[in-house]
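# Could you work out the structure for the sequence below:
(one chain, ligands or ions: 1)
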Amino acid sequence: MAVSPLIVHPTEGTLLPSRPLSSPLKRQQQATHSAVASSNGTPALARPPGQDLQAGLGMSLDLVEQMNEDEKRKYVKGRKLGEGTYANVYLGHARHDPAVRVAIKKIKVQKEFRDGLAPDAVRELKHLQELHHPNIINLLSVFSSKDQNLNLVLEYLPLGDLEELIRDVDHVRYGAADIKAWMGMLTRAVWFCHDNCVLHRDIKPNNLLIAADGEVKLADFGLARSFADPGRKMTANVITRWYRPPELLFGARHYSGAVDVWSVGLVFAELVIRAPFLPGNSEVEQIALICRQIGTPTDDNWPGVTQLKEYTVPSDVTPVWDKSAYMGRFGAVGAEGVDLLMRTLALDPRKRITAREMLEHRWWRTEPRPTRKEELPRKQDGGEDKMGSDLKRRNGVVEDENNNNARGAKVARKLDFGATK
Ligand code: AMP
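Numbers count the residues shown, from 1 in each chain. Model prediction:
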């Protein structure tokens, strides 16, 4: 029996015993209710506001500062893990127990911004406070350090990101069951964001971090925004170019969760071919690639597209690719997988599948079952390699998911991989 994507294993990996603690910082006190997911990823009741960041409301400044000091003292900062556009990320641990590891994201103070905080940092803080789901990085705490630096304490995700796994073709081997597991986790995360009226707007393999137990977590909410007000104009200049949908490339200022779904589709494609599917070097080239590899957007396949402000396409019109063409390139995930992929890459955003509809797709119920998260391939320096080192994977080849015999599927996977050497 196939595992429903709506069912997730409870996350045993919660790093701290308690929920995120109150932040004493006044500038976060506008936080309202938080969306939380039950163990199967379905939204449940929010935490009582009294336990949340509003705890500081009405308190004296001294008390706020004292609480900030107390919060800061709970963590010890260690070596640098990485650097983002507006923050440095450090490994840390709980003072009371060095085994409880965390990532501390220290936001750089940037004088050009109000309060010294880049808008990306404010967005990340705002949305992570609100979203709690097993497939979304967990914000554990917030405190300020000297010079008014803001520190986000995040769950530590030690196994790198999905991009590292995709690219490491010499050491990391995976098959259709693994892709199904990763795609399930990603789709649940995106569904949860959309269900809570949040657009992520930068979905890509590099923003999918991996927890110690193999769970994939959507991270980097620096470009996220809420879309509760559909009449409001939004910027078209979001989403890393390779994952940016045609409506944004054509300058649409009103858009929906469909922008994230397009990116999810491109992550799906990339997982299969182990290379970016549409790696444009410029916006013009990105549009040309979409036209060539998916089909040229026209008023026939996308009524009204030619009215978009920045609509421009190469003069030689390519018809939208049909299923047999997709099967040739992505057939390793089976006919149902290809059907799902094609629906995520519908040119017209109104015809594109939604994250909820994705979760209801037949692909999840066909063999093979998604791999259990603990058994998913890991990066080599993570110390584990699920399959023998003699079974190297080549670009673009994964096992055929139409093999319905579980034992047979395992053998086929080995033979397939061996045969591609
Ligand atoms: P970011 O600014 O979120 O893009 O983070 C910069 C880098 O820090 C990432 O590419 C990761 O290598 C690392 N990093 C960020 N968050 C975490 C985390 N929660 N656990 C482990 N490493 C992280």
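# Every contact and neighbour count from this point should use C-alpha atoms.
Fine.
# Run a quick neighbour tally on residue 334.
When neighbours are counted by other CA atoms under 10 Å, residue 334 registers 20.
# On the pLDDT front, check it for me.
Among the per-residue scores, residue 334 holds a pLDDT of 98.
# can you list contacts of the host helix or strand of it?
Following DSSP states H and E, the helix or strand that holds residue 334 is helix 334-344. By CA atoms under 8 Å, 6 or more residues apart in numbering, the surrounding residues in contact with helix 334-344 are 261-262, 264-265, 268-269, 323, 326-327, 330-331, 351-354, 358, 361-363, 366, 400-402.
# Show me those that map onto strands.
Mapping the contacts of helix 334-344 onto strands (DSSP state E) picks out no residues; all lie outside.
# hey, where'd the helices end up in the stretch 1-150 of the chain?
Using DSSP state H, counting those that start in this stretch, the helices of the stretch 1-150 of the chain run over residues 61-73, 119-130.
# Please identify the most buried of these.
Most buried of the helices of the stretch 1-150 of the chain by mean neighbour count (mean count of other CA atoms under 10 Å) is helix 119-130; its value is a mean of 20.
# Return it as PDB; C-alpha atoms alone will do.
Coordinates of each C-alpha in helix 119-130 appear next as PDB, following Å, rounded to 0.1, in the frame of the first residue of the first chain:
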ATOM      1  CA  PRO A 119      13.700  43.600   4.800                       C
ATOM      2  CA  ASP A 120      14.700  40.000   4.000                       C
ATOM      3  CA  ALA A 121      15.500  39.500   7.700                       C
ATOM      4  CA  VAL A 122      12.200  41.000   8.800                       C
ATOM      5  CA  ARG A 123      10.300  38.700   6.400                       C
ATOM      6  CA  GLU A 124      12.200  35.600   7.500                       C
ATOM      7  CA  LEU A 125      11.500  36.400  11.200                       C
ATOM      8  CA  LYS A 126       7.800  37.200  10.600                       C
ATOM      9  CA  HIS A 127       7.000  34.100   8.600                       C
ATOM     10  CA  LEU A 128       9.100  31.600  10.600                       C
ATOM     11  CA  GLN A 129       7.300  32.800  13.800                       C
ATOM     12  CA  GLU A 130       4.000  32.000  12.100                       C
END
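# Please see if that helix touches the ligand.
No: legend: contact between helix 119-130 and the ligand by CA under 6 Å from any ligand atom is lacking; minimum distance shown is 9.4 Å.
# could you say what helices and strands that helix packs with?
The helices and strands touching helix 119-130, judged by 3 or more CA pairs under 8 Å, 6 or more residues apart in numbering; DSSP states H and E, number zero.
# Show the pLDDT at residue 182.
According to the predicted model, the pLDDT of residue 182 comes to 98.
# check which helix or strand covers it.
Element membership for residue 182 (DSSP H and E) is helix 176-195.
# and that helix, what does it pack onto?
strand 216-218, helix 258-273, helix 355-359.
# Can you give the contact residues for the first one?
Read it as strand 216-218. Strand 216-218 is contacted from outside by 134-137, 182, 185-186, 189, 203, 207-211, using CA under 8 Å, 6+ apart.
# State the phi and psi torsions of residue 302.
Dihedral angles of residue 302 (phi, psi; degrees, to the nearest 10) stand at phi -150, psi 80.
# correct me, but it touches residue 320?
No: at 11.0 Å, residue 302 does not count as touching residue 320 under the criterion of CA atoms under 8 Å.
# where does the chain come near the ligand, residue by residue?
The interface of the chain toward the ligand, taken as CA under 6 Å from any ligand atom, is made up of 81-84, 87, 89, 103, 154-158, 220.
# Filter those residues down to the buried ones.
When neighbours are counted using 16 or more other CA atoms under 10 Å, the residues of the chain next to the ligand contain these buried positions: 87, 89, 103, 154, 155, 156, 157, 158, 220.
# Now the second one: closest residue in space, sequence neighbours ignored.
Among residues not flanking residue 89 along the chain, residue 105 sits closest, at 4.3 Å (CA to CA, 6 or more residues apart in numbering).
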